[in-house]
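In: Here is my input; please provide its structure:
(2 chains)
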Protein chains: 2
Amino acid sequence: MTAPRRIVILAEGRFSPLESKTANQALRYIPDEVVGVIDSRQAGRTAAHVLGFGGDIAVYPDLRASLAHAPDTLLIGIAPAGGALPHDWRPLILDALRLKLNIVSGLHTHLSDDDEIARCAALHGAVISDLRKVPQEYEVVAKGSWKTRPAKTILTVGTDCNVGKMTASLELHREFVSRGLNSGFIATGQTGILLSGAGVAVDSVLSDYISGAIEHELDRRAAEGFEYLHVEGQGSITHQGYSGVTLGLIHGVMPDAMILVHHPSRHRDDYDLDLDDVSRAISLHEKLLEPFKPSKVVGIAMNPVMMTAAQAAQAQTELERKTGLPVGDVLTGGRPRLAQALLDHFAGQH
Amino acid sequence: MTAPRRIVILAEGRFSPLESKTANQALRYIPDEVVGVIDSRQAGRTAAHVLGFGGDIAVYPDLRASLAHAPDTLLIGIAPAGGALPHDWRPLILDALRLKLNIVSGLHTHLSDDDEIARCAALHGAVISDLRKVPQEYEVVAKGSWKTRPAKTILTVGTDCNVGKMTASLELHREFVSRGLNSGFIATGQTGILLSGAGVAVDSVLSDYISGAIEHELDRRAAEGFEYLHVEGQGSITHQGYSGVTLGLIHGVMPDAMILVHHPSRHRDDYDLDLDDVSRAISLHEKLLEPFKPSKVVGIAMNPVMMTAAQAAQAQTELERKTGLPVGDVLTGGRPRLAQALLDHFAGQH
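Out: You can find the predicted model right below:
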């Protein structure tokens, strides 16, 4: 067995509950592998100060300051819009490689394809892992294997991007496992791949292959004999930039049930679209699957970030009243509740 | 001005009304540039025999046989599923390059990136044009520029792939031009790019950029001052393999009006999905735009291929009764009818 990594996370200028998605998920799910976070803005604080979790893991002003904790891996912990490598990160990455740190990156720009970076890594014996690099076997058009797939598939969908779909899928999978069910988690983005060690970054395939790529991954994992497969959703069907990825994923998975992830205190998306009409979102997802199979949103995973407990409780009551669905936070009491809703739904189908 | 090309079209084994899409469109729209078609199965016949149009342009058994007509360009006229280069075409392409023919290709596999093919082209002074190669400036996430775009955008959508969306857009654009309107045509696939000399192959960008790529092309062309922009649709919102491309395109364009293209004699798609529920297709498209703007399907471009005149007339009557929309074949009387429906729709919005 390999030793755990000693990861320092680059989140420069953006370490916060809402902006540094990959960093935050690493701190939540693999904290034992994290030795520090880099953000000059937050230097001197701890992860727990900034996020409310992550304990005493320290925030450093720069890479050099983090070396006291002997990191062996630099994780790019923030995802710039578009996914390309910001120009001012290059010197920092080269610096890390010269210090023999491995790099784990979820950028669209594959660092291992960058001549200067690849040469520097080779020279210093460091390894670059591009989480978004998709092997060629995934570049296929969907075949329609959902029709004969024995596993029940559960997909998280959302009213917006960056709303908690990966967390919801991962937590519901963990709840299924804790109940002794034969459940698998399918990562579809860089963070999920980082945490689970497998998956396919569906936003990084050519657009003709979105649906085929996730179908290929499902076929591969279904062969392991899972009864349930929890698939991490991506984007949102009404997000102007990413709706194509979202629908390709939906039709690649053809989920047997969906969980809608919603953040009630976020009222507008990147494009100023109103996000409050949850009933419309539910109806739209179900209509997009209706030509293929009757698939329902069976619960709402409510993301309570930036809300007080009282605000969250009120939002939950309102959402339940409006939709008639069970609503809950997967990081607290909502996890068993939503898992039960899924199991009841499947039991009702027999 | 450059001399017209002398194109021989590779359509081996698949030259027919329904299979050889790119070949057929070249024969319809740029016949003056076509000197022959290669398909050993149909050799000795003419384009008109096989397609019902294209006149006396001959079908040859192989490339060598076509040389009597002195071609200077080989067009790859069929698009294999997935878009990759079939193994047995390689010797033919190398042969063409050795004969100093330029190559125009709509394959996903960029021939100019293939070492052996690129070397051979360079050696013999031949030029390779990869219609699906997308310049880097198109690799952007959508910005939301539809909100301030002055041109009216019209998008063709379809109940299936390969159903006539490019033809419908091109013909409606031509009808607008013939009426003295300031209209542009925006190609989004390899055939449209071949015919119009511009555009972006939206199925060939990374899936995060589908919507951004078409938005970039619209912004670029809108700057030319068009009042109307006809955008060629791709795929279908219910095609399991390509729905992601379709929705990315829809949300990248945010059309002011849509024309649904439907082929009544095709009842099932590649995945055995029932295609007859046209009302459902219309409703689904309108619902996907509803959160952004009120956009309607204002007419149906009916593709009558493989139908008798009586069958087509009956199908048209039924479609009109079911949907209450004007229905017509854009290659005959439907063109002015659907163009008028669009103009009436826009007039009604003021």
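
In: For stretch A:274-282, give the mean pLDDT please.
Out: For stretch A:274-282, mean pLDDT is 96.

In: quick one: terminal-to-terminal distance for it?
Out: 15 Å (C-alpha to C-alpha, to the nearest Å).

In: buried ones in it?
Out: Counting neighbours by 16 or more other C-beta atoms under 10 Å in any protein chain shown, one finds that the buried residues in stretch A:274-282 are A:275, A:278, A:281, A:282. The way it works is simple: take the backbone N, C-alpha and C, and place the C-beta from them, glycine included.

In: Same check on stretch A:301-308?
Out: Buried residues in stretch A:301-308 (16+ other C-beta under 10 Å): A:301, A:302, A:303, A:304, A:305, A:307.

In: I figured the first one hits residue A:264, correct?
Out: Translated: residue A:301. No - using C-beta atoms under 8 Å, residue A:301 is not in contact with residue A:264; the gap is 11.5 Å.

In: Establish whether stretch A:94-109 and chain B are in contact.
Out: Yes - using C-beta under 8 Å from any C-beta of the partner chain, we find that stretch A:94-109 touches chain B at residue A:108.

In: Could you measure from the closest residue to residue A:18 other than its chain neighbours over to chain B?
Out: Among residues not flanking residue A:18 along the chain, residue A:305 sits closest, at 6.6 Å (C-beta to C-beta, 6 or more residues apart in numbering or on different chains). Residue A:305 sits at a distance of 23 Å from chain B (criterion: C-beta to the nearest C-beta, to the nearest Å).

In: Contacts for whatever helix or strand residue A:91 lives in, please.
Out: Using DSSP states H and E, residue A:91 maps to helix A:90-98. Helix A:90-98 has contacts (C-beta atoms under 8 Å, 6 or more residues apart in numbering or on different chains) with A:10, A:12, A:62-63, A:74, A:85, A:103, A:111, A:116-117, A:120-121, A:123-124, A:126.

In: Just the buried ones from those residues, in ChimeraX syntax?
Out: To isolate the buried members of these in ChimeraX, using 16+ other C-beta under 10 Å:
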select /A:10,12,63,74,85,103,111,117,120,121,126
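
In: Now go through the contacts of helix A:90-98 and say which are in helices.
Out: Using DSSP state H, the subset of those located in helices is A:63, A:116, A:117, A:120, A:121, A:123, A:124.

In: and the second one, how far is that from residue A:85?
Out: When C-beta to C-beta, to the nearest Å is the yardstick, residue A:116 and residue A:85 sit 11 Å from each other.

In: Quickly find the element holding residue A:129.
Out: strand A:128-130.

In: how about residue A:325, what does it touch?
Out: Here residue A:325 is in contact with A:282, A:297, A:298, A:299, A:300, A:319, A:341 (criterion: C-beta under 8 Å, 6+ apart).

In: show me which of those neighbour chain B.
Out: Okay, of the contacts of residue A:325, nothing touches chain B (C-beta under 8 Å from any C-beta).

In: Which members of these occur in strands, if any?
Out: Counting by DSSP state E, the contacts of residue A:325 place A:297, A:298, A:299, A:300 in strands.

In: For these, name the two members farthest from one another.
Out: Largest separation among these by C-beta to C-beta: A:298 and A:300, giving 9.2 Å.

In: For the residue nearest to residue A:277 when sequence neighbours are not counted, the count of nearby residues, please.
Out: Nearest residue to residue A:277, sequence neighbours excluded (C-beta to C-beta, 6+ apart): residue B:291, at 7.6 Å. By other C-beta atoms under 10 Å in any protein chain shown, 17 other residues sit near residue B:291.

In: do the same with residue A:49
Out: 13.

In: Ok, residue A:269 next?
Out: 19.

In: All set now, cheers.
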